[in-house]
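Asks: give me the fold of what follows.
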Amino acid sequence: MKIPKRLQPLVDDGMVDEVLFQLMSGKEAQVYVVRCGDQIRCAKVFKEAQKRSFKQAVQYQEGRKVRNTRRARAMSKKTKYGQKEQEDAWLNAEVDALYRLAAAGVRVPEPHGFVDGVLLMELVKDVEGKAAPRLDDVTLAPEQARDYHAQVIAEVVRMLSAGLIHGDLSEFNVLVDTRGPVIIDLPQAVNASGNNNAESMLERDVDNMRRYFGRFAPELLGTDYGKEIWALYETGDLHPDSKLTGCFQHDTTSADVGELMAVIDAAKEEELERQARMQDEDDED
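Replies: Purely as a prediction, here's the structure:
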């Protein structure tokens with residue numbers, strides 16, 4: 001096929017030998033299947049900012065660090081340069097997350113480079129060697145659904161152990177290869193320790209997976225892995241190989257209103273005494 005303009009630099013640099021065909025076109029990017037030597041890979045071409053529809057929500061960006069102070073200042077402003085820097089940081093966040101998760105053993109496509117808004121990565125394949133289908137495009141037997149659900153939960157645990165939360169996990173961004181689920185699409189990956197929305201996003205990711213797999217194995221609908229995983233993370237007890245039960249004991253104890261009021265009254269009294277001392281010091285001056 002004709003070489004797309006955005007892929008021409010990779011062809012010129014010898015990173016890509018041939019563009020075979022377009023695999024998909026989405027809101028964020030176009031994906032092409034390319035040949036690199038004797039390897040068949042994917043080239044994810046991110047669309048320009050004005051052509052993209054994904055909202056770079058503040059809740060996703062919270063906690064992301066920008067090492068260059070000049071860039072950080074520019075991104076806080078609405079200048080053309082600042083918007084470009086923000087867009088670059090958004091794209092780099094996905095690439096960084098992919099490399100970080102691959103290094104942590106999470107089942108994501110193996111990255112092979114990022115040049116001028118094009119991410120070169122592994123082509124995830126099905127049993128016939130073709131591009132693997134999305135989870136939403138497959139029908140599962142109950143036993144297979146339980147197995148795949150367990151695999152996805154294990155990947156969520158590995159991601160969080162590496163400090164990241166997908167933030168938009170669903171059956172539409174999980175591929176199924178010969179071994180099972182592979183997680184894709186990470187533009188909104190969340191820094192777990194630096195984002196106030198991390199807990200709710202983790203639970204939403206896990207709940208999305210519970211609902212999907214629960215269509216094929218209804219008993220999964222009674223599980224509560226999200227809260228269990230977060231509770232272990234908060235106490236520092238979450239590890240890549242943590243054994244989970246799918247159960248979580250919710251705190252049902254009622255607050256002792258009398259004790260609570262006593263604490264409030266004590267705080268008020270302490271504040272009044274502090275103010276009285278300050279007034280006495282003013283009078284002495």
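
Asks: tell me which stretches of the chain form helices.
Replies: Secondary structure of the chain (DSSP state H): helices located at 8-12, 58-61, 69-75, 80-103, 142-161, 198-214, 225-234, 257-284.

Asks: name the spans of the stretch 151-285 of the chain whose pLDDT lies under the cut-off.
Replies: Along the stretch 151-285 of the chain, segments meeting pLDDT under 70 span 250-257, 259-260, 263, 266-267, 270-271, 274, 277-285.

Asks: list of residues touching stretch 206-214?
Replies: Applying Cβ atoms under 8 Å, 6 or more residues apart in numbering, the contact partners of stretch 206-214 are 135-136, 140, 145-146, 148-149, 152-153, 156, 169-171, 220-221, 223, 225-226, 229. Bear in mind the C-beta positions are built from the backbone N, C-alpha and C, glycine included.

Asks: please give me every residue in contact with the residue positioned nearest the centre of the chain.
Replies: Among the residues of the chain, His166 comes closest to the average C-alpha position under Cα atoms, centre = their mean, at 1.8 Å. His166 makes contact with Val156, Met159, Asn173, Ile183, Leu186, Gln188, Ala189, Val190, Asp205, according to Cβ under 8 Å, 6+ apart.

Asks: top of those by number of neighbours, please.
Replies: Of these, Val190 is surrounded by the most neighbours, 29 neighbours in total, counting by other Cβ atoms under 10 Å.

Asks: and that residue, bridged to which residues?
Replies: Ile165 (DSSP bridges).

Asks: quick check: it touching Leu164?
Replies: Yes: counting by Cβ atoms under 8 Å, Val190 does reach Leu164; the two are 6.7 Å apart.

Asks: overlap in contacts, the two.
Replies: What both Val190 and Leu164 touch, as defined by Cβ under 8 Å, 6+ apart, is an empty set.

Asks: list the contacts of Pro133.
Replies: Going by Cβ under 8 Å, 6+ apart, Pro133 touches Asp126, Leu175, Val176.

Asks: show me the contacts for the first one.
Replies: Think Asp126. Taking Cβ under 8 Å, 6+ apart, we find Asp126 in contact with Ala132, Pro133, Val176, Asp177, Thr178.

Asks: same question for the last one.
Replies: The contact partners of Val176, taken as Cβ under 8 Å, 6+ apart, are Asp126, Ala132, Pro133, Arg134, Leu135, Val138, Tyr148, Val182.

Asks: run the chain-centre distance for stretch 139-151.
Replies: 22 Å (Cα atoms, centre = their mean, to the nearest Å).

Asks: now it: buried residues?
Replies: For stretch 139-151, burial by neighbour count (16 or more other Cβ atoms under 10 Å) applies to Leu140, Gln144, Ala145, Arg146, Asp147, Tyr148, His149, Ala150, Gln151.

Asks: ok, back up a step: and of the contacts of Pro133, the nearest to Ile3?
Replies: Comparing these against Ile3 with Cβ to Cβ places Leu175 closest, at 25.6 Å.

Asks: wait, what's in contact with the closest one?
Replies: If you count contacts by Cβ under 8 Å, 6+ apart, then Leu175 has Val124, Ala132, Pro133, Arg134, Leu135, Pro181, Val182, Ile184 around it.

Asks: now restrict those residues to buried residues only.
Replies: Among those, the ones that count as buried by 16+ other Cβ under 10 Å are Val124, Ala132, Arg134, Leu135, Pro181, Val182, Ile184.

Asks: and those residues as CSV, adding distance to Gly258?
Replies: Below are the buried ones among the contacts of Leu175 laid out as CSV (distance: Cβ to Cβ, whole Å):
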residue, distance to Gly258
Val124, 59
Ala132, 60
Arg134, 55
Leu135, 52
Pro181, 51
Val182, 55
Ile184, 54
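
Asks: TSV for the contacts of Asp126, including distance to Lys47?
Replies: Shown next, in TSV, are the contacts of Asp126 (distance: Cβ to Cβ, whole Å):
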residue	distance to Lys47
Ala132	23
Pro133	23
Val176	26
Asp177	26
Thr178	31
